[in-house]
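In: only geometry, no sequence info:
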Ligand code: DC
C-alpha cells in the first residue's frame with residue numbers, strides 16, 4: 001500500500017458510487033474525479049464530430065486530445081452520453097490514452113478520490129481504500145430514471161432497466177479492464193440504503209482502512 005491517501009470507488013452504472021465519492025471527498029477534504037466523465041466526453045465529442053464510436057483509432061485519438069477544461073459539459077450527463085461512453089470504453093487505445101490523466105489526478109500530493117470501473121484494479125492498485133459499490137439492477141434503474149427525469153429527459157423505467165443490463169454486460173464483458181471488484185475491495189451493496197446511509201457506511205470503511213494504514217506505518 002502506498003503512502004498517499006487515494007480512495008478508489010468502483011461499481012456498475014447508477015450504483016451510487018458518484019454520490020459516495022463526492023461525500024468521501026467532502027468528509028476527507030480530497031479532490032474527486034468522476035472518471036466516467038472522461039469516457040462520456042470521448043463518446044460525445046466523437047458523435048459531435050460525426051465519428052463512428054466503433055472506430056478504434058479515431059476513438060483513441062479523441063481520448064488523447066482530451067483536456068480537463070473540456071470535461072464540464074452538461075451534455076455528458078445524458079442517457080445517450082452514458083451509452084456512448086460504454087461503447088468507447090471497450091477500446092484498449094482509449095483506456096491507455098486516459099490512464100495518465102487519471103493517474104496524475106490520483107498522484108496529487110494530498111491524495112484524491114476517484115470513481116469509475118477500474119480504479120482499484122488498474123488506475124490506483126495501491127489505493128489506501130477500495131470500495132466496490134453495488135445495488136440490484138432494478139434499484140439502479142429507478143435511481144437513474146429519477147436522475148434523468150429530473151434533468152428533463154423522457155423515457156420509461158423499463159428502457160432504463162434495459163440500458164443498465166446492456167451496460168453491465170458490455171462493461172463486464174470487454175477484454176480491456178473488464179469491470180470487476182479488486183480482490184482487496186470492500187463490497188458495499190446500497191440496494192436497501194438511503195444516500196445518507198450509503199455515504200456513512202463508505203466513510204466508516206475508509207476510516208477503518210486509514211486506521212489500519214496508520215497502524216502499519218506508525219514509527220516503532
Ligand atoms: O460511471 P458512468 O456511467 O459515467 O460511466 C460511463 C461509462 O464509461 C461506463 O458504462 C463504462 C465507462 N467507464 C469505464 O470503462 N471506466 C471507468 N473508470 C469509468 C467509466
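Out: In hand now; what should we look at? Quick caveat, the model's predicted, so the values are computed rather than measured. Numbering: from 1, shown residues only.

In: what residues does the protein put near the ligand?
Out: 13, 35-36, 39-40, 82, 85-86, 89, 116-118, 167, 171 (CB under 6 Å from any ligand atom). For every residue, glycine as well, the C-beta is placed using N, CA and C.

In: does residue 161 touch residue 137 like I think?
Out: Yes: contact criterion CB atoms under 8 Å: residue 161 and residue 137 qualify, at 6.4 Å.

In: contacting residues around residue 136?
Out: With contact taken as CB atoms under 8 Å, 6 or more residues apart in numbering, residue 136 is in contact with residue 191.

In: gap between it and residue 191?
Out: 5 Å (CB to CB, to the nearest Å).

In: go on, residue 92?
Out: Distance from residue 92 to residue 191, by CB to CB: 32 Å.

In: go on, residue 148?
Out: Here the distance between residue 148 and residue 191 works out to 20 Å (CB to CB).

In: neighbour count: those two, which is higher?
Out: Neighbour count, other CB atoms under 10 Å: between residue 148 and residue 191, residue 148 has more, with 20 against 14.

In: picking up where we left off before, what is the most widely separated pair among the residues of the chain next to the ligand?
Out: Looking at the residues of the chain next to the ligand by CB to CB, the two members farthest from one another are 82 and 118, with 16.7 Å of separation.

In: ranges for the strands of the chain?
Out: Assigned by DSSP state E, the chain shows strands spanning 6-10, 32-34, 112-116, 129-134, 186-189.

In: tell me the most buried of these?
Out: Comparing those by mean neighbour count (mean count of other CB atoms under 10 Å), strand 6-10 ranks first with a mean of 30.

In: now do it: which elements does it pack against?
Out: Packing partners of strand 6-10 (3 or more CB pairs under 8 Å, 6 or more residues apart in numbering; DSSP states H and E): helix 17-28, strand 112-116, strand 129-134.

In: can you state the direction angle for the helix ranked longest in the chain and helix 17-28?
Out: Counting by DSSP state H, the longest helix found in the chain is helix 195-217. Orientation check (axes from the mean of the first three to the mean of the last three CA atoms, to 10 degrees): helix 195-217 against helix 17-28 gives 60 degrees.

In: residues of helix 195-217 that come out buried?
Out: Residues 198, 199, 201, 202, 203, 205, 206, 209, 213 are the ones in helix 195-217 that count as buried (16 or more other CB atoms under 10 Å).
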